[in-house]
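# Mind folding the following:
(chains A and B)
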Amino acid sequence: MSLKFEVMEMNIEINNRQLKATRGETILDVLTRNGIKVPTLCHMKDYFPSGACRMCVVEHENSGKLVTSCSYPVEEGMRIKTHTSRVVEARKMIVELLLSNHPDDCLYCVRNGNCQLQDLSVEHHVTERRISGLKNNFSKDLSSPSITRDPDKCILCGRCVRVCEEVMGVSAIDYINRGSKTLIGTSFNKGLNTSSCVNCGQCIMVCPTGALSEKGHLNEIQMALTDPSKKVVVQYAPAISVSLAEEFGMQPGTDVNGLMNAALHKIGFDFVFDTSFSADLTIMEESAELIDRVANGGTLPLITSCCPAWVKYAEEFAVDFLPNVSSCKSPQQMLGAVIKTYFAEKIETKPEDIYSVSVMPCTAKKFEAQREDMTHHGITDVDAVMTTRELAQLIRLYGVDMYNINPELTDSPLGIRSSAGKLFGGSGGVMEAALRTAYFKLTGEELKEFKINAVRGLNGRKETKLQIGNLEVGVAVVSGLQNAKVLLDEIRNGRNNIHFIEIMACPGGCIAGGGQHIGADQKAILSRLSSLYDIDDRDSIKVSHKNPEVIELYDKFLGEPLGHKSHALLHTEYEKREVPL
Amino acid sequence: METANKTEMKEFLIDQLLTGTPDMADPFVSSKFAELRRDDIAKPVIYIGTGTCGLGAGAEATYLKTQRYIEDHQLDVDVIKVGCIGFCAAEPLVDVQLPGKNRISFKNVTGDKVNDVLESAFTLDSNNEHILGQFRSEKLDVWENVPFIDEHPFFAPQKRIVLKNCGLVNPINIEEYVARGGYNSFLETIKKYSSFEVCDMIEKSGLRGRGGGGFPTGKKWKFANGTEADQKYLICNADEGDPGAFMDRAVIEGDPHRLIEGMAIAAFGIGATKGYVYIRAEYPLAIERLKIALTQAREYGLLGKNIFDSGFDFDIIIKMGAGAFVCGEETALIHSIEGKRGMPRPRPPFPAVNGLFGKPTIINNVETLSNLPEIMARGEAWFASIGTEKSKGTKVFALSGNITLTGLVEIPMGTTVREIIFDIAGGIPNNKKFKSVQIGGPSGGCITEENLDIQVDYESLISVGAMMGSGGLVVMDENTCMVDVAKFFMDFIQRESCGKCIPCREGTRRMLEILESITSKPNKNNEKEALQRFKGIVQLEKLGKVIKETSLCGLGQTAPNPVLSTLKWFRDEYESHIYERKCDPNVCTELRTYKIDIDLCTGCMACVRKCPVNAIVGARKTHHFIVEDLCIGCGSCVDACKFDAISIS
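Okay, the predicted model is just below:
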């Protein structure tokens, strides 16, 4: 639309105070800036206001009406009251109405203590059941390997629907039915496992209650830990060490790698490995693949395959790009495969006696681990996957005091990593690591400046060009599948100056994955990312091809990247998935 | 009609439209027009009212019987299916027009009456009991001893602008519409005025939205008119969902060209080039007729690119709604057209600035748009002279419920409710007393005896807690239970709530549960039941207030109205339900208690066998008794008893 508003200051009155506002702002913007808190439920910053929950109503004195501050634009001379008895009573009534149709079983809820409905109930001093009546009794959806849905706890704020549509471009869920029978569900209200859901878990991250949560693997893991016949091996993703701290109330971005190693040992894991190791391995394979495709006229652009949510998305919505997707398994699966072959031989244990656990910032990894092609001779590469939240739960369960333990190192031979592998935790990290190694492989020299700033940061879409020898390589990094869709559409329409694309489903990459601490704001996520960059600055091994354990692995076991053994263990293939509507 | 084939007629009429006002002094032109208007007919014409109301009353059989009659008597007669004239109580209606004679109307002509009615029409017998009246004309012969329809109490006080042609013309004949002055108004408008002038004229005419809110139409248009955009849209809201409202259907079935012309004028006023008619799929006949009318208008070049060389483009798309009440709300309607779930979004931004597909969009109701051709033809001052100070023009009301004459009436604003119910519609049947009238559907409120003399206009209705709404008028007699009425509307609303905002979704359900608790059988086993009921009552008004103040859209904001309104006027009825557990009109079955008069009971066991819950005890030839705790109040025993021994105590 060609509507142009001049930037215009205006004066509005809030709670008898004269405040400045800018045209185009909402009342809520002004309130937040001025330290006046009104409760919100459905509001999501930077999204088009939905106006569903009505919690943020304020009194608009000029019209005498209650209006939602999240959606109402400021007007010159408007007079607003935010906490009159009329407003407060209305808000309280809304909370009570929600509670009247809520299971009320907080003590048994996965979100107990971290629930916005609980918070609102406390804030509004709800202490008696004034409103009672029939409650909905929907059935839980336990069908998905990644995400559990409990519609009874859902308050229909619609945030998950909006994330799924606007950020992910997947639209696996939407409102179904009408009136008090309304619920959020998949098309035809079938199980999430048969829907187009890519398991990214961003819906869990925005859910204010316990309606959405990850499919827990803790019980299986505890069983394995107590089974004397099993060697229990754990690996953790690059993003975990900079995210776990928040679960224990530490400063966002604190790197607790050593403490985490110690905690995992204390819990009883026999071996603790770092997935960043296999991130290095992935780089060896993927950069070889890139060079091979560029040299031999293979399908370009090459697209990364580390993110299982993106891979499923491609199988559903971007089938025409499947030949572009790297055949490399993700780091989790590579390490899983190496643990049950190379490492099993090394510790002289049968692969079936190894129980392989991974800690991931992600729910889609749970889905990935149970994919049919992620097995070798009938043995699954990874047996159980826990999210950052589940790990914290496990640490609490085993009584490990994170504030009073000494850091420990990972175990050998799959524990050493380069800082390039660590960068995988943030959007752009795979790209940066791959370019460092590809540059070396093609030119025989190391990059002069390892930092590639153009692909760093939380931007949903980053692009740059890099001169490698006489080849100008165009690269793009996108996070958030909707951004990926836009980029792929450009390529479909003929764009051909990109050689390599990194796609991560979650906005910002794994540091903002669907398995992370719930309730982190953008600032916390940025701290996690900076922490990864700090590690890269500090570490001495900055490129994957110099990881001594990776070199040893190739020497003793795999042979060479894209070789016969690599192909059998570290690569996979994809096929089109049929999705109902 | 034999004189010209279709193409020639089309060219002739397009010529006439191009010249503007047809030259009636030209005998050729005036005779053609008279022929098309059927002022001057060569052979008899039979008009059969086949609106949905007529069809419901059996007009299809009437039509077939008429065809049979014509075949049997080898008559050369035109049979025309027309829409509903509004006199739904007497459907099927059949009009007969003989050459040189006034058109005469017969009521209640079901299939079996056709022969009798046509016989008397063709034999000029004016003593038939089915005669409703004759239409007035300037030149034609009058039927002796037959009253004029415009003197009939149902029609006399009406002023028909929107319904002008309904029931009179062949709705799917554009020639007839043009011959009656149709499309002239639209073409003159785009020739003479700028788009802003049109908005201004409509604003000055005082026309306000007829769909519910009553926002000044011209003012709304000006928002869209003043917004720059590469594309604007006009939407006609024909998603008529209020229980008891059916005027939009009647207009589209009876005179679709009027709506199309109105939409074209509106589109010109706001600068839209694309129009949508969002119509509920439950109106198949209206959709069919509208489709035909649209095709005709396109053939005439009245829709499409560069209409009549004016440089103005406009075309209309029909979009069928899937039956959600909330899709009558404009932002939900927009979502529905966009292919999304019909759920409202917060306003502002208003659709006039940011609407369908993000473009400026004006949404007007069928009745609003159908007013436009007459306003533009006769001027804004003429329209502004009708009605009250703030509510101009006429309003169509759909009369239903306990009323003698159900149907559609179009009356000038300012007519009193008493006049509509008692003078026009003949009052309450069966000598019952008037109790209340629900105006404005589920969003409206009720008006009682003491307020019957208020004038029908937007402000007055709101002042007594009702609203104009779409104009549904449901009349209730003394046998109605107002708590039951409130429960009916609450049930409707809570099922139709879109489920988006909390107060409407959860609140309406709780309100309904409270109403159900006070109309259901006291549960003597639950000690807390009474306490819960009293707690509920305390909540009812508070809940209503919060839902009204905080809901997202118009549906939610008006959802508690039926309860709040009945609570205001019939508090005593609520109280007797709550405290005495009694429903005076005996509507709430669960509150009824029955007794068996032992003097009359013969012990025949009939009631014992019929009782679905085995609440009646007694052996053959001994007196029977009802176990009150078991009785569900269904009344089967009363129907079963041949000796009138069972009655409500």
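# so the residue in the stretch 351-500 of chain B that chain A sits nearest to, which of the three states?
Nearest residue of the stretch 351-500 of chain B to chain A, counting by C-beta to the nearest C-beta: B:Gly499, 2.7 Å away. (C-beta placed from N, C-alpha, C; glycine too.) With DSSP: H, G, I helix; E, B strand; the rest coil as the basis, B:Gly499 sits in coil.
# What is the burial count for it?
B:Gly499 sits with 25 neighbouring residues when counted by other C-beta atoms under 10 Å in any protein chain shown.
# B:Leu540 too?
20.
# and the gap between B:His570 and B:Met482?
Small correction: residue B:570 is Phe, not His. In this view, B:Phe570 and B:Met482 are 4 Å apart by C-beta to C-beta, to the nearest Å.
# intersection of neighbour lists for those two?
B:Ser436 (C-beta atoms under 8 Å, 6 or more residues apart in numbering or on different chains).
# Give me the more crowded residue out of the two.
Neighbours of B:Phe570 and B:Met482, each counted by other C-beta under 10 Å, are more numerous for B:Met482; the result is 29 against 21.
# Show the contacting residues for the more buried one.
Counting by C-beta under 8 Å, 6+ apart, B:Met482 has contacts B:435-436, B:446, B:476, B:566, B:569-570, B:573-574.
# among those residues, which two are most distant?
Using C-beta to C-beta, those span at most 15.8 Å, a distance reached by B:Met476 and B:Tyr574.
# how close does the residue of the stretch 51-200 of chain A found nearest chain B sit to B:Glu496?
Closest residue of the stretch 51-200 of chain A to chain B, C-beta to the nearest C-beta: A:Thr182 (2.7 Å). From A:Thr182 across to B:Glu496, the span is 12 Å (C-beta to C-beta).
# Counting neighbours, what do you get for the nearest residue to B:Asn614 once chain neighbours are set aside?
The shortest distance from B:Asn614 to any non-neighbouring residue, by C-beta to C-beta, 6 or more residues apart in numbering or on different chains, is to B:Leu630 (6.9 Å). Using other C-beta under 10 Å, B:Leu630 has 12 neighbouring residues.
# Over to B:Asp23?
When neighbours are counted by other C-beta under 10 Å, B:Asp23 registers 12.
# which element is the closest residue to it other than its chain neighbours on?
In space, and not counting its chain neighbours, B:Asp23 is closest to B:Val29: 5.5 Å by C-beta to C-beta, 6+ apart. Element membership for B:Val29, per DSSP states H and E: helix B:27-36.
# now that helix: how far from the chain's centre is it?
When distances are taken as C-alpha atoms, centre = their mean, to the nearest Å, helix B:27-36 is centred 35 Å away from the chain's centroid.
# what do you get for stretch B:411-420?
16 Å.
# now that stretch: mean pLDDT?
Here stretch B:411-420 scores 95 as its mean pLDDT.
# Over to stretch B:360-372?
The average pLDDT within stretch B:360-372 is 96.
# got the contact list for whichever residue of the stretch 201-350 of chain B sits closest to chain A?
Closest residue of the stretch 201-350 of chain B to chain A, C-beta to the nearest C-beta: B:Pro346 (3.4 Å). B:Pro346 sits next to A:49-51, A:68, A:71-72, B:552 when contact means C-beta under 8 Å, 6+ apart.
# Now do the SS call for it.
coil.
# Tell me which residues touch residue 251, please.
You didn't pick a chain, so chain A it is. By C-beta under 8 Å, 6+ apart, the contact set of A:Gln251 is A:245, A:527.
# wait, chain B
Counted by C-beta under 8 Å, 6+ apart, B:Val251 has contacts B:162-163, B:166, B:258-259, B:366-367, B:370, B:396.
# Backbone dihedrals for it, please?
Torsion angles at B:Val251 (phi, psi; degrees, to the nearest 10) stand at phi -70, psi -40.
# how far away is it from B:Cys236?
For B:Val251 relative to B:Cys236 (C-beta to C-beta), the value is 11 Å.
# Now do the shared contacts for these two.
Joint contacts of B:Val251 and B:Cys236 (C-beta under 8 Å, 6+ apart) are B:259, B:366.
# what about stretch A:361-378, distance to the chain center?
17 Å.
# isn't B:Val77 right next to B:Ile46, touching?
Yes - look at B:Val77 against B:Ile46 with C-beta atoms under 8 Å: they come within range, at 5.9 Å.
# Any regions of the stretch 101-250 of chain B where pLDDT drops low?
Within the stretch 101-250 of chain B, no stretch falls below the threshold (pLDDT under 70).
# if you set the cut-off to 80 instead, what comes out?
Within the stretch 101-250 of chain B, the segments meeting pLDDT under 80 span B:212.
# next one: the stretch 451-581 of chain A
A:579-581.
# I figured B:Arg592 hits B:Cys583, correct?
Yes - using C-beta under 8 Å, B:Arg592 is in contact with B:Cys583, at 7.3 Å.
# When the two are compared, which one has more neighbours?
Using other C-beta under 10 Å as the criterion, B:Arg592 and B:Cys583 rank with B:Cys583 on top: 22 against 19.
# Wait, that one touches B:Cys481, no?
Yes - shown here, B:Cys583 and B:Cys481 form a contact pair, counting by C-beta under 8 Å, at 5.3 Å.
# quick revisit: so what's the residue of the stretch 201-350 of chain B closest to chain A closest to, chain neighbours aside?
Here the residue nearest B:Pro346, using C-beta to C-beta, 6+ apart, is A:Gly51, at 3.4 Å.
# so the one you found, which of the three states?
Going by three-state DSSP: A:Gly51 is coil.
# next one: B:Leu564
helix.
# and the nearest residue to it once chain neighbours are set aside, how many neighbours does it have?
Nearest non-adjacent residue to B:Leu564, counting by C-beta to C-beta, 6+ apart: B:Gly544, 4.9 Å away. Residues near B:Gly544, counting by other C-beta under 10 Å, number 21.
# quick check, B:Gly544 in a helix?
Yes - B:Gly544 sits within a helix when classified using three-state DSSP.
# residues from the stretch 451-600 of chain B in reach of chain A?
Counting by C-beta under 8 Å from any C-beta of the partner chain, the stretch 451-600 of chain B comes close to chain A at B:494-503, B:505-510, B:513, B:532, B:535, B:539, B:542-543, B:546, B:549-552.
# Quick check: A:Val126 touching A:Lys92?
Yes - applying C-beta under 8 Å as the test, A:Val126 and A:Lys92 come out as touching, 6.6 Å apart.
# what's the longest helix in chain A?
Criterion DSSP state H: the longest helix present in chain A is helix A:275-296.
# The residue nearest the centre of chain B and B:Arg533: what is the separation?
Central residue of chain B (C-alpha atoms, centre = their mean): B:Phe246, 2.2 Å from the mean position. Here B:Phe246 is placed at a distance of 37 Å from B:Arg533 (C-beta to C-beta).
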